[in-house]
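Visitor: Sequence first, predicted model second:
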Amino acid sequence: MEEHQQQQQLIWDKLIQDYLDSRHAARTTAAVFLGSKGSGKTSLIHKYLKLKAHLFDVGPSRTAWQLFEPISQRFNNIVVVVVVDLSQPSNIYSGAMDGLRVAHKILSKVSHSTAAAPRILLAATKQDQLSEIMDPNHARRLLDALRSICNHQQASLISLSLRSGDGGLKTFTSFLRANLFPTASAIPLIPQLLSNCSDYSKPLAISFGTDRLEGIEEPYGGWEVNLSKTFPTTKPSPPIDEEQQAGTGLEPRVAAIVEKEKAQLLRKELAAAACS
């Protein structure tokens, strides 16, 4: 336990030093949201966040990181939020893993990539629906999996409802603000801000580096196999890059042109934000 506390203290000492080293630099701050349609990503951005920062919704694409590469050095602080939908448990594992891999690629392109802890948050929405749609033991298993995934992928975890006034939503907003606009006094408070690792009747709030995964063992075959058996899907989910194309009625060639135009528009928005 003492070794764990020492490692945790080293992380926060490094974060504080990162802040002190960069406090005189001009700051260009952005939050990048990754997630599938219907996950609650748009609601988080437009309904609840009142932050003076650049907010980008780049959808679920595995290649989203490429949009940031040409202008990455103009942003010296980026927080990546990966949004997954707890009411769609059969898609949780692939959505979380794909999003977290993209998040690390995005952060590897920006100037603060040497920070002690990546600024990545996995936001698991619709926590309030868990008791309505699944057995409590299954719900616990799903949240166990997310804790384990975040621990291995160097991400913080918050589960929340999208209803106004929900405690998880307030914690999410406070955590995002603390990471977008870090101060020497605020950074050490983040572990206290995210302090619920075990009470599954309430929204989880776990800062990276603080979860000891007590009582959680990775199942035989891994989480992906275990969750696919617990939450089977009747038909295969489309690959993450094909999700928006599926059901649109567009031919693949036309859909590819549409996606190319969307990517060009996002590049222009990113460039304008970086120069502002």
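Guide: Great, that's in hand. Residues are numbered from 1 along each chain as shown.

Visitor: and Leu55, what are its bridge partners?
Guide: Ala31 (DSSP bridges).

Visitor: Just the pLDDT at it, thanks.
Guide: pLDDT recorded at Leu55 is 80.

Visitor: contacting residues for it?
Guide: 30-31, 33, 45, 49 (C-beta atoms under 8 Å, 6 or more residues apart in numbering). From N, CA and C alone the C-beta is placed, and that goes for glycine too.

Visitor: hey, where'd the helices end up in the stretch 1-150 of the chain?
Guide: Using DSSP state H, counting those that start in this stretch, the helices of the stretch 1-150 of the chain run over residues 2-22, 41-43, 65-68, 92-107, 130-133, 136-153.

Visitor: hmm, I was thinking of the stretch 151-276 of the chain
Guide: 167-180, 190-193, 223-230, 252-275.

Visitor: Show me where the protein dips below the pLDDT cut-off.
Guide: 1-27, 47-49, 51, 60-65, 68-73, 111-118, 164-167, 183-197, 234-276 (pLDDT under 70).

Visitor: that older thread, for Ala124, state which of the contacts of Leu55 is nearest.
Guide: Within the contacts of Leu55, proximity to Ala124 (C-beta to C-beta) peaks at Phe33, which comes in at 13.8 Å.

Visitor: Count the residues that sit near the closest one.
Guide: Phe33 has 23 neighbours, counted by other C-beta atoms under 10 Å.

Visitor: Next up, the contacts around it.
Guide: 41, 44-45, 55-58, 81, 83.

Visitor: change it to 7 Å
Guide: Counting by C-beta atoms under 7 Å, 6 or more residues apart in numbering, Phe33 makes contact with 41, 45, 56-57, 81, 83.

Visitor: ditto for Ala103
Guide: Here Ala103 is in contact with 34, 80, 82, 120 (C-beta under 7 Å, 6+ apart).

Visitor: Ignoring the adjacent residues along the chain, who's closest to the last one?
Guide: Spelled out, that is Ile120. Sequence neighbours aside, Ala155 is the residue nearest to Ile120 in space, at 4.2 Å (criterion: C-beta to C-beta, 6 or more residues apart in numbering).

Visitor: give the contact list for Met147.
Guide: Check again: residue 147 is Arg, not Met. 157, 206, 211, 213, 216.

Visitor: distance of the last one from Arg147?
Guide: Read it as Ile216. 6 Å (C-beta to C-beta, to the nearest Å).

Visitor: cool, the third one as well?
Guide: With distances taken as C-beta to C-beta, Asp211 is found 6 Å from Arg147.

Visitor: dump the residue contacts of Ala139.
Guide: So Ala139 contacts Leu130 (C-beta under 7 Å, 6+ apart).

Visitor: let me fix that: Val32
Guide: Counting by C-beta under 7 Å, 6+ apart, the residues that Val32 touches are 56, 58, 78, 80, 106.

Visitor: From Ala155, how far off is it?
Guide: When Val32 is compared with Ala155 (using C-beta to C-beta), they lie 13 Å apart.

Visitor: Over to Val225?
Guide: Taken as C-beta to C-beta, the span from Val225 to Ala155 is 21 Å.

Visitor: More neighbours: which of those two?
Guide: Ranked by neighbour count (other C-beta under 10 Å), Val225 and Ala155 place Ala155 first, with 26 against 12.

Visitor: so Pro203 makes contact with Gln127?
Guide: Yes. In this structure Pro203 lies within contact range of Gln127 using C-beta atoms under 7 Å: 5.2 Å.

Visitor: what's the burial count for Asn77?
Guide: 23.

Visitor: now Thr230
Guide: With other C-beta under 10 Å as criterion, Thr230 counts 17.

Visitor: I'd like to know how far the closest residue to it other than its chain neighbours sits from Tyr200.
Guide: Nearest non-adjacent residue to Thr230, counting by C-beta to C-beta, 6+ apart: His138, 5.8 Å away. Separation of His138 from Tyr200 (C-beta to C-beta): 12 Å.

Visitor: Can you tell me the closest non-neighbouring residue to Gly38?
Guide: Gly38 sits nearest to Asp85 (C-beta to C-beta, 6+ apart), 6.4 Å away.

Visitor: residues in contact with the one you found?
Guide: By C-beta under 7 Å, 6+ apart, Asp85 lies in contact with 38-40, 125-126.
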